[in-house]
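Student: With the sequence up front, the predicted model follows.
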Amino acid sequence: MSSTVAFRRLALLLLAALTFLAVPALAHFIPRDITVQAFVKPEGQTLKVLMRVPLKGIEDVEFPRREQDYVDLPRVDQALHDTAQIFLLDKLGVYEGDTLLPAPRIVSTRMSLESDRSFESYDSALAHVMGPPLAPETSIFWEQGILDVLVEYPIQSDRSYFSVDAQFERLALTVITAIRFMPPGGIERVYELEGNAGLVRLDPRWHQAIGRFVVMGFEHILEGVDHLLFLLLLIIPFRKLRTLIPIVTAFTVAHSITLIASAYKLSPQALWFPPLIETLIAMTIFYMALENIVKPNQHARWVITFAFGLIHGFGFSFVLEHTLQFAGSHLLTSLLAFNVGVELGQLLVLVILVPLLNLLFKHVVSERMGTIILSVIVGHTAWDWMIERFGVLQMFPWPEVTTADLASAVRWLFALVALTGVVWLVYVVTQKPAERKAGEPAE
């Protein structure tokens, strides 16, 4: 055998091996996004769960087929039952209190068309799943169908507290689990969970909501680079505890006001509002950097911090917009808990930064020069953010002002004027003792 023939055979074998290895990788197409819908309703000693999932994310199932690869609907029940068990129920943990409920009973499964709209309400979804299946002559491919399933969990009482842990993230690149919890005699609660959101309490108690939002606020202030840089600029020139307390407190009170107002839908809901606030946040950082470079004013800083804190509060509200769904009926309590978490995070930052700045100014560079250098670095970053965020803001058209918008603007204007008056009065009252003390002759 010549070397050329041997080389060709070897090349063909390698090509065949690569083709064989590539087939499994191409056999399962992972969809880009999928939404799993679910109704959760406790009734007496039974917890009913209705679920709907597109079958395009489930291809590793052997299902009966007829001509042209259509689903053989009269023989599809077992495949639907197995799919529901493996891809939904095995990935779903349901808790009553802190107790994991046993495996549920599958009451009914149905294969539906993508055009079916029965899951728009619980009653229509229940009637659909318990109703007649698709006609046997319906032509439908497996990946074009929708799996609907009704399961029942045994529970102690429909007044218990329930939680779910839905781990459906393997169905697609992005999986949204939309849950509608319907407690007896209570308000329906809607949850939109992305990926694996962990344990979600469907009707949290007040202490559970507080714990979750305190942690959330603490983590957010440590992850928000713009808020951390703003805090850094606040404390660089003034590192004594007596000076920092009113400054940090003013920031906390201010952002609490606008955060709570936004949570109650009192802020603009237009698409241009978030990029506007992000641009203004960058401007507040840039201004504080300039003030530190020119001449920081200790007595007026808390007033400026209060004004800028109102802007930062709107920024916090954008983070909470999606997570307020976990507050249950404790909206105000959760908002205050979030602010407590932010305050704890700020205190941690102060505990770390103040000693570091003192060491820097004592052993490395003078305080004035160090203040200028740090402020220039942060100010340069804030300037870049301003340009970038303003570019995003310019992409939105000028808003059309309606009568409702004018009324909202007037309310906000009156509120801000009143708030400014209170802040200015406090500023004047606190200034007089400081001026008297400064005018006293030295002993």
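Tutor: Sure, I can see it. Note that the structure is predicted; figures quoted are calculated from it, not measured.

Student: Please name the bridge partners of the spatially closest residue to residue 88 that is not a sequence neighbour.
Tutor: Excluding the flanking residues, the one nearest residue 88 by C-beta to C-beta, 6 or more residues apart in numbering is residue 51, at 5.8 Å. No exception for glycine: its C-beta is placed from N, CA and C like everyone else's. Counting by DSSP bridges, residue 51 forms beta bridges with residue 38, residue 149.

Student: now the strands for the stretch 151-300 of the chain?
Tutor: Here the stretch 151-300 of the chain has its strands, by DSSP state E, counting those that start in this stretch, at 162-166, 174-181, 189-194, 200-201.

Student: Dump those strands to TSV, plus mean pLDDT and mean neighbour count.
Tutor: Listed next are these as TSV, based on pLDDT from 0 to 100; neighbours: other C-beta atoms under 10 Å:
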stretch	mean pLDDT	mean neighbour count
strand 162-166	94	21
strand 174-181	93	19
strand 189-194	91	15
strand 200-201	92	19
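
Student: Just put those strands in CSV and tack on distance to residue 131.
Tutor: CSV is the format used below for the strands of the stretch 151-300 of the chain (distance: least, C-beta to C-beta, whole Å):
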stretch, distance to residue 131
strand 162-166, 26
strand 174-181, 20
strand 189-194, 25
strand 200-201, 30
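
Student: Of these, which is nearest residue 317?
Tutor: Closest approach to residue 317 among those (C-beta to C-beta): strand 189-194, 17.5 Å.

Student: hmm, back to that, and the residue nearest to residue 88, what does it touch?
Tutor: 36-38, 84, 88, 147-149, 151 (C-beta atoms under 8 Å, 6 or more residues apart in numbering).

Student: now with 6 Å?
Tutor: 38, 88, 149 (C-beta atoms under 6 Å, 6 or more residues apart in numbering).

Student: Likewise for residue 92?
Tutor: Residue 92 touches residue 166, counting by C-beta under 6 Å, 6+ apart.

Student: Then residue 173?
Tutor: For residue 173, the contacting residues are residue 32, by C-beta under 6 Å, 6+ apart.

Student: ok, now residue 186?
Tutor: Contacts of residue 186 (C-beta under 6 Å, 6+ apart): none.

Student: let's see 10 Å
Tutor: 42, 159, 203, 329 (C-beta atoms under 10 Å, 6 or more residues apart in numbering).

Student: Confirm for me that residue 349 is in contact with residue 228.
Tutor: Yes. The pair residue 349 / residue 228 is scored as a contact, 6.6 Å apart, by C-beta atoms under 10 Å.

Student: Touching both of those two, which residues are there?
Tutor: Shared contacts of residue 349 and residue 228, defined by C-beta under 10 Å, 6+ apart, comprise 221-222.

Student: so which of the strands of the stretch 151-300 of the chain gets nearest residue 257?
Tutor: If we rank the strands of the stretch 151-300 of the chain by C-beta to C-beta, the stretch that ends up nearest is strand 189-194, at 26.8 Å.
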